[in-house]
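Enquirer: just a sequence and a predicted model for now, questions to come.
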Amino acid sequence: MTEEELDYLAWIKMKGIKEKAREIATKMLLKNKPLAEIIEFTELPESEVLEIKATLDQK
């Protein structure tokens, strides 16, 4: 496998992990879990969790 292919596979894996973290953050926000707990468990930056929260608040 080429270096480019390995980089692409690593990118796909990271994208999947990030999407799963966003799904978990969404579920936790819907359960009214504390922001600090969501950040700790998902390892997402606070700004991203707040962005997800704002999206949920608009619904």
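Expert: Looks like it came in fine. This is a predicted model, so every value here is computed, not measured.
Enquirer: what's the helix or strand for Lys13?
Expert: helix 3-30 (DSSP states H and E).
Enquirer: buried residues in that helix?
Expert: Residues of helix 3-30 classed as buried by neighbour count (16 or more other C-beta atoms under 10 Å): Ala21, Arg22, Ala25, Thr26, Met28, Leu29. Glycine gets a C-beta too; all of them are placed from N, C-alpha and C.
Enquirer: pLDDT of that helix, averaged?
Expert: Taken as a whole, helix 3-30 has an average pLDDT of 95.
Enquirer: what about it, distance to the chain center?
Expert: How far helix 3-30 lies from its chain's middle: 7 Å, per C-alpha atoms, centre = their mean, to the nearest Å.
Enquirer: which elements pack onto that helix?
Expert: helix 35-42, helix 46-57 (3 or more C-beta pairs under 8 Å, 6 or more residues apart in numbering; DSSP states H and E).
Enquirer: okay, angle between that helix and helix 35-42 too, please.
Expert: Angle, helix 3-30 to helix 35-42, by axes from the mean of the first three to the mean of the last three C-alpha atoms, to 10 degrees: 150 degrees.
Enquirer: re earlier: most tightly packed of the helices and strands packed on helix 3-30?
Expert: Ranked by mean neighbour count, those are led by helix 35-42 with a mean of 15 (mean count of other C-beta atoms under 10 Å).
Enquirer: pLDDT averaged over it, what's the number?
Expert: pLDDT averaged over helix 35-42 gives 97.
Enquirer: that one to helix 46-57, inter-axis angle?
Expert: 110 degrees.
Enquirer: centre of the chain to helix 35-42, how far?
Expert: Its chain's average C-alpha position is 10 Å from that of helix 35-42, according to C-alpha atoms, centre = their mean.
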